[in-house]
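**Q** Okay, here's the prediction I keep looking at, along with the sequence it came from:
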Amino acid sequence: MADFVFPLAQKVLEKLASFAYEEISLAWGLKEEIEKFQESMSTIKAVILDAEERQTNERAIRIWLTKLKDVLLKARDLLDEIECEVLRSQVVKAHGSVGRKLRRFFSSSNPLVFRFSIGHGIKKIRERIDEIVAEKDKFNLIVQHEEKKIKHGRREPTYSYVRASEVIGREDEKQKIVELLMQSDDERNVDVIPICGIGGLGKTTLAKMVYDDGRVKDHFNLKMWVHASKDFNVPRLIKEILDSATGKVNENLTLELMQTQLRGILRDGKFLLILDDVWNENPHKWFELRDMLMEGSKGSKIVVTTRSNKVALLVRTVPTTFNLTDLSQEDSLSLFLKWAFKEGKDKPHEKLVEIGREIVERCQGVPLAVRTLGSLLHSKVDEQDWIDVRDSEMWKLKQNEDDIFPVLQLSYNELPSYLKQCFLYCSLFPKGYKFHISDVVQFWIALGVVIQSHDENKSLEYIGEQHFRELWSSSFFQVEENLDDIEEHGLNNTFTMHDLIHDLSLSVAESECLIVNSQTKHIPKRVGHLSIIDGGEDKFLSFLSSLDKVRTIRFSIDDEVEPSRACLVDKCIMRFKYLRILDLSNSTFEMLPSSIGRAKHLRYLDLSRNMKMRKLPDSICKLQSLLTLKLEGCENLEGLPRDMKNLISLRFLSITTNETFIPEDRIACLTSLRTLIISFCKRLVTLPDGLRCLTGLEDLRIINCRKLVLNEADDVEIKRLSLQTLRLVGLDEMVALPGWLQGSADTLRYLHITGCYRLTQLPEWLTKMTSIQKIFICNCLDLESLPAEGMHRLSSLQEIRIGECKKLGKFIEEIGKDWVRKVYFDPELQRLARKFL
């Protein structure tokens, strides 16, 4: 984790430079000290990137970075103290009319003592930073302002030959690729087919099988194989393609002569080019190479193997990417036994074969993982050796350079540091966890790893979503449906992480994050983020007194130990002063401890799906730093605390309540709110009028509130809003969209309406939504019409999907031409639509 010092230094400098700290430094007489602090930080930040690159091979630099990281964490904590005080004073100022009672509610230590303590703390940290700055000179570190790619861990070049007898499985996949190769496109001479998947899944092996297939040999006049690698150098690639095509290349040829010769060779007939292991995501470089390969005869093909969905989307000309799936369990076992035993020697070792079956299950169909573990056990017949491999963390086993984890590490090394941080914190979620983008993004924001400095005009949520997309593109996440582009299908998808990728996250997060269970023997003092799963509660308690750096605690415990949970939460709050994330989802305690109000640095509190909790303690409203509060699934919650308005930083709120109405001063006053989710409120009849005044709200979801009435007077005031996403699901009493939504005419991009049975029509003002890109309408049984005119004004519209809205049939027959050309209907309505297409 020492390689994440640079973003931490960025965060500290970002805080120091903010207006709030400038104001405080003047008011508290700290201006000179903070300016010195900034100067020292700027000096040291300039050389951190060079130090991070060199730490792998230089132990002294690694130790120096560890010392620097420790003091930067203390600096961040101290600046957080100041930030908490600023927020507290803002609340007192905004709601000062309540006078002495409010000041008592927020009372802390003597203000003069507090300011003196902060000033002394800043001076002490700045002096320690200066000592570390002085040490840097002995390392001859170079000033570097931009991150470079890590160069170590390069993959060996690949070649086209494979012995058919050595390959197990993949026959179905080979057949599908071969069929694609035999097809011709009427529009293009050359098609590009990407094969995509995580490292070690067998993309290169599949490409070799296809390349060597007899039908392919007969079909193409020319076959070429080139290993592209990370260095996507176009002149080098042209030279290697020529070499593969002709068997010889004149070393003295210029690039001009090479490209002329290449285009001449490709014109002679149909060709097949395998570009193996492509990492390049730069469109300019790809188009430069691609344009030289377009001279082939009709039916020519280029097959690209890649780990990156982004690369696949860039290069492909066919409708979909060929996403390689896991090897079957039986094929995986056969492959494992082939590597673990000499041919035919597995028969006398039935017990070992059974253990081998369990080992193979952990590999989740990744052939390289199967081969790696099989190789470790090659010719070993001692049962304990096999049990040790079965029970060990895979990433802790000794591996060669071309085994599974070094191969997966290549993908990790390619990530910029901000994505490495986001990825490693995913290790806190269990294997098989179903990720939702918005949840993960809120988690990252609370940890402070989503940095706004590069794009101050974009929200933290937007930047976090981009981070998630980048990780998905690099195959660190897998979408549950087989989608090619999450941009096209919105963000309402469920994602998983392959078990081997999860193991990789555990390996890179080892010193920073830890999953605690009944088998845990030790919790390092330096650990900052904990996930406590079944059987781990007692272990955690036994180490509690030795821990003081914990910032994150996720609980996932069986209900049987629930009676002690509230007590444990209380102990955590009292012990960990700088706790930022507390996940108590699925708990069953009836009351959150009032000590929660002491966790003033808390950014993320998850109390979702607690069926017993009836109320929240008033002290929760002391959490001015809280960004995310999750209360969905708390079906018996009788309401929100009266002083919710004091949560002035809250950006994400999800709630289920047993109320019939939500008072105006609970939600409508949360002006920092960006996402609001109101779901499964069985008794809720009305929403507060002030909801339309949340001008910063970007994502609103109202789900399965069966009695909720959204209708309103026609003369309602239209205020300018920022809403981008609106989801209305299961609202039985809604007959029309609320008119105040017109305030989002310039911002709304995604509209989703499902199961609103009484909705009869969409309003004419919907055609004023000039930013809308996607509309999804399903199971609205009474919906009879859509806006008849004005479709042409929806210039941003990309997709409309309509299903199970049977009464729309008459509308489509009469006046639906403009709509039909843009809409994807379900099969029943599609028959009516065809007459217009």
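**A** Cool, got the structure.

**Q** What part of this structure, helix or strand, is modelled with the least confidence?
**A** helix 100-105 (a mean of 48; mean pLDDT, DSSP states H and E).

**Q** Val278 against Lys310, yeah?
**A** No. Taking C-beta atoms under 8 Å as the definition, Val278 is not a contact partner of Lys310, at 10.8 Å. Quick note: C-beta positions are derived from backbone N, CA and C, even for glycine.

**Q** Which parts of the stretch 301-450 of the chain are strands?
**A** Ranges of strands in the stretch 301-450 of the chain, per DSSP state E, counting those that start in this stretch, are 322-323, 435-436.

**Q** Same check on the stretch 51-200 of the chain?
**A** For the stretch 51-200 of the chain, applying DSSP E, counting those that start in this stretch gives strands covering 190-196.

**Q** remind me which residues of it are low pLDDT?
**A** 96-111, 147-155 (pLDDT under 70).

**Q** neighbours of the nearest residue to His467 once chain neighbours are set aside, just the number please.
**A** Sequence neighbours aside, Cys422 is the residue nearest to His467 in space, at 5.2 Å (criterion: C-beta to C-beta, 6 or more residues apart in numbering). Per other C-beta atoms under 10 Å, the neighbour tally for Cys422 reads 23.

**Q** Dead centre of the chain: give me the residue that sits there.
**A** Among the residues of the chain, Phe468 comes closest to the average C-alpha position under C-alpha atoms, centre = their mean, at 3.0 Å.

**Q** show me the contacts for that one.
**A** With contacts taken as C-beta atoms under 8 Å, 6 or more residues apart in numbering, Phe468 has the following neighbours: Cys422, Ile437, Val440, Val441, Phe477.

**Q** and with 7 Å instead?
**A** When contacts are counted by C-beta atoms under 7 Å, 6 or more residues apart in numbering, Phe468 touches Ile437, Val440, Val441.

**Q** between those residues, which is nearest Leu568?
**A** The shortest approach to Leu568 among these belongs to Val440, at 25.5 Å (C-beta to C-beta).

**Q** sorry, back to before: of all the strands of the stretch 301-450 of the chain, which one is nearest Lys74?
**A** When the strands of the stretch 301-450 of the chain are compared by C-beta to C-beta, strand 435-436 sits nearest Lys74, at 32.0 Å.

**Q** Tell me the helices and strands packed up against the closest one.
**A** Here strand 435-436 touches strand 494-496, going by 3 or more C-beta pairs under 7 Å, 6 or more residues apart in numbering; DSSP states H and E.

**Q** just how off-centre is the strand it packs on within its chain?
**A** Distance, stretch centre to chain centre, for strand 494-496: 10 Å (C-alpha atoms, centre = their mean, to the nearest Å).

**Q** if we can go back for a sec, which one (most neighbours) among the contacts of Phe468?
**A** Going by other C-beta under 10 Å, Val441 tops those with 25 neighbours.

**Q** Quick check: chain neighbours aside, which residue is closest to that residue?
**A** Nearest one to Val441, counting by C-beta to C-beta, 6+ apart, is Gly464 at 3.4 Å.

**Q** Walking through the stretch 451-600 of the chain, point out its helices one by one.
**A** Along the stretch 451-600 of the chain, counting by DSSP state H, counting those that start in this stretch, helices occupy 460-473, 499-508, 537-543, 565-575.

**Q** Could I get the buried residue list for the third one?
**A** Buried residues in helix 537-543, counting neighbours by 16 or more other C-beta atoms under 10 Å, are found at Glu537, Lys539, Phe540, Phe543.

**Q** Ok, the last one next?
**A** Applying a neighbour-count criterion of 16+ other C-beta under 10 Å, the buried positions in helix 565-575 are Arg565, Ala566, Leu568, Val569, Asp570, Lys571, Cys572, Ile573.

**Q** Mind checking the pLDDT average for that helix?
**A** Averaging pLDDT along helix 565-575 gives 86.

**Q** The shortest one now?
**A** With pLDDT averaged residue by residue, helix 537-543 scores 82.

**Q** Give me the helices and strands touching the lengthiest helix in the chain, please.
**A** Secondary structure of the chain per DSSP state H: the longest helix is helix 59-94. With contacts taken as 3+ C-beta pairs under 7 Å, 6+ apart, helix 59-94 sits against helix 5-17, helix 19-27, helix 31-54, helix 111-136.

**Q** by how many degrees do that helix and helix 111-136 diverge?
**A** 160 degrees (axes from the mean of the first three to the mean of the last three C-alpha atoms, to 10 degrees).

**Q** Check the offset of helix 59-94 from the chain's centre.
**A** 25 Å.

**Q** Return the set of buried residues in it.
**A** Along helix 59-94, these residues count as buried under the neighbour rule (16+ other C-beta under 10 Å): 61-62, 64-65, 68-69, 71-73, 75-88, 91-92.

**Q** So Val278 and Lys310 - more neighbours on which side?
**A** Set side by side, Val278 and Lys310 show more neighbours around Val278, with 24 against 19, by other C-beta under 10 Å.

**Q** Can you give me the end-to-end span of stretch 199-218?
**A** 31 Å (C-alpha to C-alpha, to the nearest Å).

**Q** Which residues outside that stretch are in contact with it?
**A** So stretch 199-218 is contacted by 158, 160-162, 167, 170, 173-174, 177-178, 181, 195, 197, 223, 225, 272, 274, 276-277, 303, 305, 307, 324, 327, 366-369, 404, 407-408, 410-411 (C-beta under 7 Å, 6+ apart).

**Q** same deal with stretch 229-237?
**A** Arg155, Val226, Ala228, Leu255, Asp277, Trp279, Asn280, Lys285, Glu288, Leu289.

**Q** same check, this time on stretch 699-719
**A** 674-686, 692-693, 695, 723-736, 738-740, 742-743.

**Q** Mind checking which of those are in strands?
**A** Among those, the members found in strands (DSSP state E) are Thr675, Leu676, Ile677, Ile678, Ser679, Thr725, Leu726, Arg727, Leu728, Val729.

**Q** Export those residues to TSV and append columns for pLDDT, neighbour count and distance to Arg666.
**A** Output for these, formatted as TSV (pLDDT from 0 to 100; neighbours: other C-beta atoms under 10 Å; distance: C-beta to C-beta, whole Å):
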residue	pLDDT	neighbour count	distance to Arg666
Thr675	95	20	16
Leu676	96	22	12
Ile677	96	19	15
Ile678	96	23	11
Ser679	95	20	16
Thr725	93	22	22
Leu726	94	20	21
Arg727	95	19	21
Leu728	95	25	21
Val729	95	17	22
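
**Q** State the distance from Val113 to Gly119.
**A** Distance check for Val113 against Gly119: by C-beta to C-beta, to the nearest Å, it reads 11 Å.

**Q** cool, and Lys11?
**A** Looking at Lys11 against Gly119, where the rule is C-beta to C-beta, the gap reads 21 Å.

**Q** again, but for Thr317
**A** 64 Å.

**Q** Please apply the same query to Ile445.
**A** Ile445 is 30 Å from Gly119, by C-beta to C-beta.

**Q** ok, back up a step: lowest pLDDT pick from the contacts of Phe468?
**A** Note: of these, the lowest pLDDT belongs to Ile437, at 92.

**Q** Check which residues of stretch 41-48 are buried.
**A** Across stretch 41-48, burial judged by 16+ other C-beta under 10 Å covers Met41, Ile44, Lys45, Ala46, Val47, Ile48.

**Q** Then stretch 230-249?
**A** Lys230, Phe232, Val234, Leu237, Ile238, Lys239, Glu240, Ile241, Leu242, Ser244, Ala245, Val249.
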